[in-house]
Structures are given as structure tokens and as C-alpha cells.
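[1] sequence and predicted model, in that order:
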Amino acid sequence: MPRELLPLRLVWRASGILLVLAGLLFSAASFGQKPKANPLAPRPSVSAESQPTPANTNAAPALTAADLEAFLDGVMPLQLAREDIAGAVISVVKDGKVLFAKGYGYSDLEKKTPVSPDSTLFRPGSISKTFTWTAVMQQVELSKVNLDHDVNEYIDFKIPATFPKPITVRDLMTHTPGLEEALQELFVSDTKDLRPIGDYLKEHLPARIYEPGVIPAYSNYGATLAGYIVERVSGEPFDQYAENHIFKPLGMEHSTFRQPLPSSLQPLMSKGYPAASEPAKPFELVEPAPAGSTSVTAMDMAHFMIAHLQNGQYEGAQILRPETAKLMHSRQFTLRPDINGMCLGFYEESRNGQRIIGHGGDTELFHSDMHLMPEAGVGFFISYNSAGKGEINGREAVWHRFLDRYFPYQPPTGEKPASVAQGAGAVSGKYISSRRPWESLLKILNVAGQAQVSVNPDGTISVSDLKDLNGKPKKLSEIGPLLFRDVNGQDHAAFVQAGGYQVLSFDFPPIVLLKAPWYLNSGLQLFLLFGSLAVFLLALIFWPVTAILRRHYNHPLDLNARERKLRAWARIVCLLNLVFVLGFVAFFIAGLKDIGIFSPRYNPLLRCIQIAGWLGVLGTLIAVYNMFRCWSARQRWLWSKLSETLIALACVAFCWFIFTWNLLSLSLKY
């Protein structure tokens, strides 16, 4: 699923549900094949260290329509074929004009309909948020919204006062409201399940887990809340507001937030494909519409990019005042000044010595990026209608090659601090994404999604989530106090203390990593999980095997009736625990095939799975009691005593695991 919009393949990257499921499947005796981590999850860009003058500028070819077309025509068809992608579209603007717009591949493979930049609609996912943030700033101009006021002033329900500091509109726009990640009903499978924005927000209010304005944690809920604020203060439904105040003034005739699509736009919508070699899937329905429901053409996106690059103006239409647009594009939040920070809605993704702001977006099928270079007057939009093989991050590769061609750059040499080794050693360990479920049963996603920071023999560090094209973790050398840069590139990692956490920040500012305490370390937790599941599985396998062997050799168990029952019940507890795990695995596998399953209508099924878990927890008492009875019986063999002890300890470890990760949460909101 999406890079920003869907945490399952995020991001949902730090929230590694596929890795968790793979681990559970492996430990539960090969329920399926391990899936790959999503390479379309947010990959860090790089900051423009003190904005040095780009090197070799004179060697760069001129950014002209002819040169750009020749360049992209040499890149895109090969990439589509190699990555099994049906179609893509690109639009580039420069100095207030559309420089280039072209489609590649097909919008409908069966009909061989080519992609058109003028008339083919793509789903830009979370790039939709930039329209929402623009709408918010329009209301700020009208003095109907104040960036630093409590959001509760603008809505008809209350966000609880978990922390003394309230959540402000500015916090929403910088992704620092401190909300946990949520998944339930992000997508729905039927139009009848779509509800008004306010109803969604009231029913899916996530927990507040950080103090506002301290820890960045990308939030679809926060963006949806911003859209609801626009709806309430303007008096217009949000989709209509976007049409009246953004799309129509900018001449974006083929753009809409509406779901399903208006009848006039339905024939123009590109099909969405998991891969070009697979059948198309139905039109995706995004419940939190302001966070990601738009359908647009590449030419319409060009109009929007020009408006922002020209401080709110496009062909005489002014959607934002110049001072408002400049404020929106300026840095508003950062953990340290030498890395990328958050603007108002946009995030910095500077690279090649250029200050760049932008936004990415994903649905399950469509994957897009928008980049704005305000000083250069350049905007770049790219979107794919397929996930493809997922072996590389295709859109990032195209964008980086574009920058390297037209804005070549050599990173400056950093001065290593005197205590390089000490600085590197202080930051090693496991890290958990700030964008995380924390109080719901999806807290389990934080187990296998942890990143490992390790120190290499040469004093560099490596971060397991930051990999080169060869699949190996990059080496980063310290170029400033706890600031590291890829020895062969521009990727950065920086460490800082914030909100009581040791924070690892890449150059993707809406998400950071937080150092895991020892008791949440995935090494320990996965040992508890895999070890206990292995014991349960072996106990169940050896139960009938040993019975057959005893019968064959005429060597019955020397146990009384009570001891036999206790021994049998201990193994039934093992079975219940395995059923509990397999039930969760099956539920999430089904959800990956049909995301509409992540809906309250399936809560009864989840509750039934949890019942098996609760029975297993209660059965732990039986297993422990059986262990003590076994040791008090002199006639029991040592092997028998050790095996019953191992089962009891595995049950206790499993209980620790499932309570640590909220798998038996009484609330089924996630």
C-alpha cells in the first residue's frame, strides 16, 4: 500500500506488517512465502548542507523541452518494461510555463489505451494533501483559521487533552500533532461504505502519543482533520470547496476529490495494476478523502505546480497571496538546522545543492511524486499506475537522474569531529518509527519494523533501512556532530534528543526513528515469539509421536488420571496459542488482498481470534501448575520435567509478548 497514505507498506515502511506476517508465518510452520519489504515506502532525500553553490554547473545540458524529452524517452520505456509497470506520466514546468508533459505506456492494457498527460487521470495519493493544505492557508488569509489556535476551536467534537499543550493547526501542517498511526477504514471496498468526513474523524480518533510540536509522525488523520476544518469554517463540502477555490481558478478541469468519479471523468481514469502482468483492480476508495482521494491529470498538476512556484498565481488567478505562499514554503519545524525540515504541508527534500520542497503519494496501485524547486522555478511531477516488481524505487531513480543531469553537484567534504568513534558508538541500537500504532492491537507492527543502527569497523555507521541499489546497507561517515552522510552519495542520518527520545532523522522530515528501550527491542521480542511458537509446535508434534512410540514399546505413561489431564491440557494451550497466531496471520493476509477487510464489520472475526488468545492466556496458569506438579512427582523422568517446564516458560513468554504488543486489546479500533 501507499508510501504516505497507507502504512501497511509504510512507511507503512517502518510499520513492517509484511515482515511481521512473514515471521509469524515462518514460525507457524510455513503458512506462506515471505513477501518483500515495500521499496516504494518513503525513502529519504538529502539536505543541501548550507546550500553550497552547485559544482560543474557549466557542464550541465540546458533544461529544454527537446533535451528533456530525449532524456526521459531513453529512461521511461525501459523502466516500465523492466519493472512490469503498465503506464506512467510526467509533467515538468519551468519559469511559469509547461516545459514538458508526456505519457508512457498504457492506461488500459487490455484496450491498449496510451497514457495522455492531458486527459488520463492518475491517483496521486497523499499529494492530495497539498491541495488540502492550500485550502487551509486560504482560510488563514480570510482570518477564519489561526495556525496557532487549538484545533478544537474549529470542530464539533473534542480531541482529548492528553497533554497540557493542545494540538494546533500548525501542528497538523507540520505533521507534529503527536497522533498514533491508524489503519482501519483508510480504504473501503464499496461506495456505500464512504461516509462524511466528520463521521470518519469522530469514529477513528487515534490516541495522542507524543506532545504536540515535538516529534514528527506523518498523519493521515491530521490531514483529514485539516480538511474538515476547511469544510466547517467555509460552509462548503470539502470536495466542492476544492473545486471552487483551487481546481477551477487554476484551470484544473480534470481534477476532483469526489468518489466515485463524476460520470464525465470516469472514461478518463487510468486503470490501476499491482503489476502490468496482473489484472487491473477496481477504483480505490479512500475514506479520509482530504488525505488522499484526488484524481488528476499531469497537465492539471502542472497548473498547480506553476501556481505554487509563482507564489499563488497562475495565468491571472491568485489562489494565495504571495506572502501566504512564501510562508507556506518556508521551514516551520526541524529537529536540527542542518537537515531537512517541514514547511506548512510541504516537506523539504533538498538535494544537489538545491532547496527542494515537495510531497509524495501512494495508493495501493498508484505511486507518485511532486518536487518543487522555488529558486530554480522548476516543478516535476511523476506518477505510475502500477506498483510493478518493486525491486527499485523507480520514481526516485528518475528524479535523481533528472537532478544529476540538469543540476550536477559534488557534496562538500565534511570535517569529522574529533570523537568520531565515540559519536558513532553512542547511537547504535534498534529504532522504531515515530509513525506507529501504539495503543491499538496494531502495535505489533513495531516488532519487525525496527531499524538497526550499527557501527562498522572503519568508524562509519550503517542503518538497515538505508540501502544501496545492491541491497546492502549504505555506509555513512560522520561529517558533523552526530551528523552522518553516505560515503558514496548524499543520503544523511542525524541524531538528536527530543521529547525524551534519542531520535534518528533522515532527510524525510515527516517521519523519524526513535531508539527502542531494551524491553521493546525486536531481538528480544522476536526471540520470545519465535522461541515460544517453536516450543508449541514441537510439543504438539511430539504429543502423538511419543504416544505411538510408547504403545509400540509397551511403555505407558506412569501418570494418574489428574496428571494425564494436566499434561493434555498443557498441550491444548499450545494449540490455542498457535490458532491465535494463525488467525491473526490469516486475517492480515486477507486484508492485503482486499483492504476493505480492515473495517469494523470484521471486528466480530477479530474478536473470535482474540478469544483463542484469551483462552491461551488463562491456560498458561494450567501449564505453570502442571510444571510444578511434574517436579513434585518423583516418578516423572527428568526429560518429562524439563519438557513440561519448557512448555510453561514458553506460555509465559508468549503472554509477555502478546500483552506487550496489545494483541488482546479490548478496543478493536486500529
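    Nice, I can see it. Numbers count the residues shown, from 1 in each chain.
[2] going forward, measure contacts and count neighbours with C-alpha atoms only.
    Noted.
[3] quick one: low-confidence ranges for the stretch 101-250 of the chain?
    By pLDDT under 70, the stretch 101-250 of the chain has no low-scoring segment.
[4] would you map the helices across it?
    Using DSSP state H, counting those that start in this stretch, the helices of the stretch 101-250 of the chain run over residues 128-141, 169-173, 197-203, 220-234, 238-242.
[5] and if you look at the stretch 401-550 of the chain?
    Under DSSP H, counting those that start in this stretch, the stretch 401-550 of the chain gives helices at 420-426, 445-448, 522-552.
[6] what about the closest residue to residue 373 other than its chain neighbours, how many neighbours?
    Computed as C-alpha to C-alpha, 6 or more residues apart in numbering, the closest residue to residue 373 that is not its neighbour in sequence is residue 356, at 4.7 Å. Neighbour count for residue 356, taken as other C-alpha atoms under 10 Å: 26.
[7] tell me the pLDDT of residue 356.
    In this model, residue 356 is scored at 98, pLDDT.
[8] got TSV for the helices of the stretch 401-550 of the chain, with mean neighbour count, mean pLDDT and distance to residue 178 too?
    Conversion of the helices of the stretch 401-550 of the chain to TSV gives the following (neighbours: other C-alpha atoms under 10 Å; pLDDT from 0 to 100; distance: least, C-alpha to C-alpha, whole Å):
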stretch	mean neighbour count	mean pLDDT	distance to residue 178
helix 420-426	17	64	26
helix 445-448	24	89	17
helix 522-552	16	92	23
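[9] so which of those is nearest residue 121?
    Smallest distance to residue 121 across these (C-alpha to C-alpha): 33.3 Å, for helix 445-448.
[10] ok, which stretches of the stretch 251-400 of the chain are helices?
    Using DSSP H, counting those that start in this stretch, helices in the stretch 251-400 of the chain cover 298-309, 322-329, 394-406.
[11] deepest-packed of the ones you listed, please.
    Mean neighbour count (mean count of other C-alpha atoms under 10 Å) peaks for helix 298-309 among those, with a mean of 26.
[12] could you give the angle of it to helix 322-329?
    110 degrees (axes from the mean of the first three to the mean of the last three C-alpha atoms, to 10 degrees).
[13] just give me the neighbour total for residue 553.
    Look at residue 553: counted by other C-alpha under 10 Å, it has 8 neighbours.
[14] phi first, then psi, for it.
    As for residue 553, its main-chain torsions (degrees, to the nearest 10) stand at phi -100, psi 10.
[15] quick check, residue 99 in a strand?
    Yes: assessed with DSSP: H, G, I helix; E, B strand; the rest coil, residue 99 lies in a strand.
[16] residues touching it, list them.
    By C-alpha atoms under 8 Å, 6 or more residues apart in numbering, the contact set of residue 99 is 64, 65, 91, 92, 93.
[17] equivalent analysis for residue 655, please.
    By C-alpha under 8 Å, 6+ apart, the contact list for residue 655 reads residue 617.
[18] go through whichever strand or helix holds it and flag the buried ones.
    Here residue 655, judged by DSSP states H and E, is contained in helix 638-660. By 16 or more other C-alpha atoms under 10 Å, the buried positions in helix 638-660 come out as 641, 644-655, 657-658.
[19] just those residues now: which is nearest residue 489?
    Among these, and counting by C-alpha to C-alpha, the member closest to residue 489 is residue 657, at 39.6 Å.
[20] assess the claim that residue 483 and residue 494 are in contact.
    Yes: using C-alpha atoms under 8 Å, residue 483 is in contact with residue 494, at 4.4 Å.
[21] which of those two has more residues huddled nearby?
    residue 483 (25 against 22).
[22] returning to what we had before: surely the residue nearest to residue 373 is in contact with residue 342?
    No: applying C-alpha under 8 Å, one finds residue 356 not in contact with residue 342, separated by 11.5 Å.
[23] contacting residues around residue 497?
    residue 503.
[24] ok, it to residue 514 distance?
    As defined by C-alpha to C-alpha, to the nearest Å, residue 497 lies at a distance of 10 Å from residue 514.
[25] can you pull the buried residues of stretch 343-355?
    Neighbour-count burial for stretch 343-355 [16+ other C-alpha under 10 Å]: 343-355.
[26] and which of those residues is nearest residue 165?
    residue 344 (19.6 Å).
[27] residues touching the closest one, list them.
    Counted by C-alpha under 8 Å, 6+ apart, residue 344 has contacts 133, 170, 173, 174, 327, 328, 329, 330, 331, 332.
[28] go on, residue 428?
    452, 453, 454, 455.
[29] what count of nearby residues applies to the nearest residue to the first one once chain neighbours are set aside?
    Among residues not flanking residue 452 along the chain, residue 430 sits closest, at 4.7 Å (C-alpha to C-alpha, 6+ apart). Other residues near residue 430 come to 23 when the count uses other C-alpha under 10 Å.
[30] isn't residue 430 right up against residue 449?
    No: contact between residue 430 and residue 449 fails when scored by C-alpha under 8 Å: they sit 9.9 Å apart.
[31] before we move on, the earlier item: now the helices of the stretch 251-400 of the chain as CSV including distance to residue 585 and mean pLDDT?
    Formatted as CSV, the helices of the stretch 251-400 of the chain follow (distance: least, C-alpha to C-alpha, whole Å; pLDDT from 0 to 100):
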stretch, distance to residue 585, mean pLDDT
helix 298-309, 39, 98
helix 322-329, 43, 98
helix 394-406, 30, 95
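[32] and residue 280, which of these is closest to it?
    helix 394-406 (20.0 Å).
[33] next one: the closest one to chain centre, how far?
    22 Å (C-alpha atoms, centre = their mean, to the nearest Å).
[34] same thing with stretch 379-394?
    With C-alpha atoms, centre = their mean as the basis, the mean position of stretch 379-394 lies at 16 Å from the chain mean.
[35] got the CA coordinates for it in PDB?
    C-alpha atoms of stretch 379-394 as PDB (Å, rounded to 0.1, in the frame of the first residue of the first chain):
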ATOM      1  CA  GLY A 379       8.500  21.700 -10.900                       C
ATOM      2  CA  PHE A 380       8.500  17.900 -11.600                       C
ATOM      3  CA  PHE A 381       5.500  15.500 -11.300                       C
ATOM      4  CA  ILE A 382       5.700  11.800 -12.000                       C
ATOM      5  CA  SER A 383       3.100   9.100 -11.400                       C
ATOM      6  CA  TYR A 384       2.800   5.400 -12.100                       C
ATOM      7  CA  ASN A 385      -0.400   3.300 -12.400                       C
ATOM      8  CA  SER A 386       1.300   0.100 -11.100                       C
ATOM      9  CA  ALA A 387       3.500  -0.900  -8.200                       C
ATOM     10  CA  GLY A 388       5.500  -3.300 -10.500                       C
ATOM     11  CA  LYS A 389       8.200  -5.600  -9.300                       C
ATOM     12  CA  GLY A 390       9.200  -3.300  -6.600                       C
ATOM     13  CA  GLU A 391      12.900  -4.100  -7.000                       C
ATOM     14  CA  ILE A 392      13.800  -0.400  -7.200                       C
ATOM     15  CA  ASN A 393      12.200   2.900  -6.300                       C
ATOM     16  CA  GLY A 394      11.500   3.900  -9.900                       C
END
